[in-house]
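Undergrad: Sequence and predicted structure, then a few things I'm wondering about:
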Amino acid sequence: MEDELGAEPPRVRCGRLRGRGWWQACCGVLRRRPWRAALRRRPWRDGPRCRPWQDGLRPQAWRDRLRPRAWRDRLRCRRWRDALPRRRLVAALSALVVVATAGAGAAWRRSEQASDARVVALAQRAAVEARELRATNPALAVQVAVAAYRLADTPGTRSAVLGSAPPYATYLRSSGGAVRLIAYSPDDAVLATGSGDGVIRLWHAADPRRRSPLSDLPRAGGEVNTLAFRPPGGDRVLLAATERGVELWNVVNAARPRRMAVLPGAAAAAFAPDGRALLTAGTDGSIRRWRIAGRPVQVGAVPTSAPITGLAVGGGTVVTAHADGIVRLWDANRLAAPTVR
């Protein structure tokens, strides 16, 4: 056989290689020779025009064709058994990866839920603080409520935002003592405040966003007892009664108020409904009527038996309160000849 493999193969055409004798001879030669040595030498390459025969002699193809069917089945089973541990390992690793991924996802969801719960709790606490700040600091209460709503949109934070809005447009802060009196001009343009230390301050009231005062009236001394604006029908006049007397100010230009007159000895004062006259109550118990035309002029006086503690004018009636506990009603048009109603 070795001589046959070493010799040159028969030079036949490819069409004649289909016979049974060639196939059996070739199989017999390849069975009696080692696979690697026979396939390494490949003496059939020298034959002319045998490419189909040459292509059919590939190593793996010849192994599959020449081995018996039962032996091939046993080989497949052996390969499958050899690959089974690897497959089991791959399956176990895949299952481990799936379980680890699911566990990581569940842990991430739990951490997100815990974080959301902390944020909601913080927002609820801020909403409670905003409600507590409404009475003392409304502006800060609004800011805290808005911050709580931005942290978490919950019914509690929404109600805190809606409830923290102050019912007023703005607020005015006086630098003096406690504000005791307040008066609004008839044209709603000027606001006057009187404090316990005698400071009278004018504010711009037409624009609620302007919080700065327009001017401060010179302090006359003592506590402000009465503060009132003249009724419509003339220039804007402010009446301020203190312990030292009654002052009249022309506040047409509230930034530059001008003092009109000082009526000494008056403890209380009030404008007549028509705005043309002024009634004052003196410390001596007398009621005086003044005509406002440029400078106030006294047109009548009514003495009383007891000091006057309060004065009010309504319609054609003047009401006085006295220290003896009596309230008297006077005809405002007949103060020159006083009549008690």
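TA: Cool, the structure landed. Residues are numbered from 1 along each chain as shown.

Undergrad: State the phi and psi torsions of Ala254.
TA: Dihedral pair for Ala254: phi -70, psi -20, per degrees, to the nearest 10.

Undergrad: got a list of what it touches?
TA: By Cβ atoms under 8 Å, 6 or more residues apart in numbering, the residues touching Ala254 are 189-190, 202, 204, 214-215, 236. C-beta: built from backbone N, CA, C; applies to glycine.

Undergrad: Name the helix or strand of the protein that has the lowest mean pLDDT.
TA: Least confident helix or strand of the chain, by mean pLDDT, DSSP states H and E, is helix 2-6 with a mean of 43.

Undergrad: on that earlier part again, out of the contacts of Ala254, who's the most crowded?
TA: Val190 (23 neighbours; other Cβ atoms under 10 Å).

Undergrad: Contact partners for that residue?
TA: With Cβ under 8 Å, 6+ apart, Val190 has these contacts: 184, 202-205, 214, 229, 236, 251, 254.

Undergrad: In TSV: these, plus secondary structure, distance to Ala269 and pLDDT.
TA: Listed next are the contacts of Val190 as TSV, based on DSSP: H, G, I helix; E, B strand; the rest coil; distance: Cβ to Cβ, whole Å; pLDDT from 0 to 100:
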residue	secondary structure	distance to Ala269	pLDDT
Tyr184	strand	18	87
Leu202	strand	19	88
Trp203	strand	22	86
His204	strand	25	83
Ala205	coil	23	79
Leu214	strand	23	84
Phe229	strand	12	89
Arg236	coil	17	83
Val251	coil	16	87
Ala254	coil	20	84
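
Undergrad: any idea which helix or strand comes after the helix or strand where Ala269 lies?
TA: Using DSSP states H and E, the element containing Ala269 is strand 266-271. Next helix or strand after strand 266-271 toward the C-terminus (DSSP H and E): strand 277-282.

Undergrad: which other helices and strands contact that next one?
TA: Under the contact criterion of 3 or more Cβ pairs under 8 Å, 6 or more residues apart in numbering; DSSP states H and E, the helices and strands touching strand 277-282 comprise strand 266-271, strand 286-291, strand 308-314.

Undergrad: which parts of it are buried?
TA: Across strand 277-282, burial judged by 16 or more other Cβ atoms under 10 Å covers 277-282.

Undergrad: a markdown table please, covering the residues you listed and showing distance to Met260 and pLDDT.
TA: Formatted as a markdown table, the entries for those read as follows, by distance: Cβ to Cβ, whole Å; pLDDT from 0 to 100:
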| residue | distance to Met260 | pLDDT |
| --- | --- | --- |
| Ala277 | 14 | 79 |
| Leu278 | 11 | 82 |
| Leu279 | 16 | 82 |
| Thr280 | 14 | 82 |
| Ala281 | 19 | 80 |
| Gly282 | 19 | 76 |
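
Undergrad: With respect to Val142, which of those is nearest?
TA: Closest approach between the buried residues of strand 277-282 and Val142, by Cβ to Cβ: Leu278, at 44.1 Å.

Undergrad: so what pLDDT did the closest residue to the closest one other than its chain neighbours get?
TA: Nearest residue to Leu278, sequence neighbours excluded (Cβ to Cβ, 6 or more residues apart in numbering): Trp290, at 4.3 Å. Reading off the confidence values, Trp290 has pLDDT 79.

Undergrad: For Trp290, give its distance to Gly198.
TA: Look at Trp290 and Gly198: by Cβ to Cβ, to the nearest Å, they are 23 Å apart.

Undergrad: Which of those two has more residues huddled nearby?
TA: Relative neighbour count places Trp290 above the other of Trp290 and Gly198, with 23 against 20, counting by other Cβ under 10 Å.

Undergrad: Isn't Ala228 up against Ile182?
TA: No. At 10.5 Å, Ala228 does not count as touching Ile182 under the criterion of Cβ atoms under 8 Å.

Undergrad: Comparing those two, which residue is more hemmed in?
TA: The neighbour comparison of Ala228 against Ile182 (other Cβ under 10 Å) goes to Ala228, with 18 against 12.

Undergrad: That one: what's it in contact with?
TA: Ala228 neighbours (Cβ under 8 Å, 6+ apart): 183, 238-239, 269-271.

Undergrad: export these to a markdown table and tack on neighbour count?
TA: Formatted as a markdown table, the contacts of Ala228 follow (neighbours: other Cβ atoms under 10 Å):
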| residue | neighbour count |
| --- | --- |
| Ala183 | 17 |
| Leu238 | 23 |
| Leu239 | 23 |
| Ala269 | 24 |
| Ala270 | 21 |
| Phe271 | 18 |
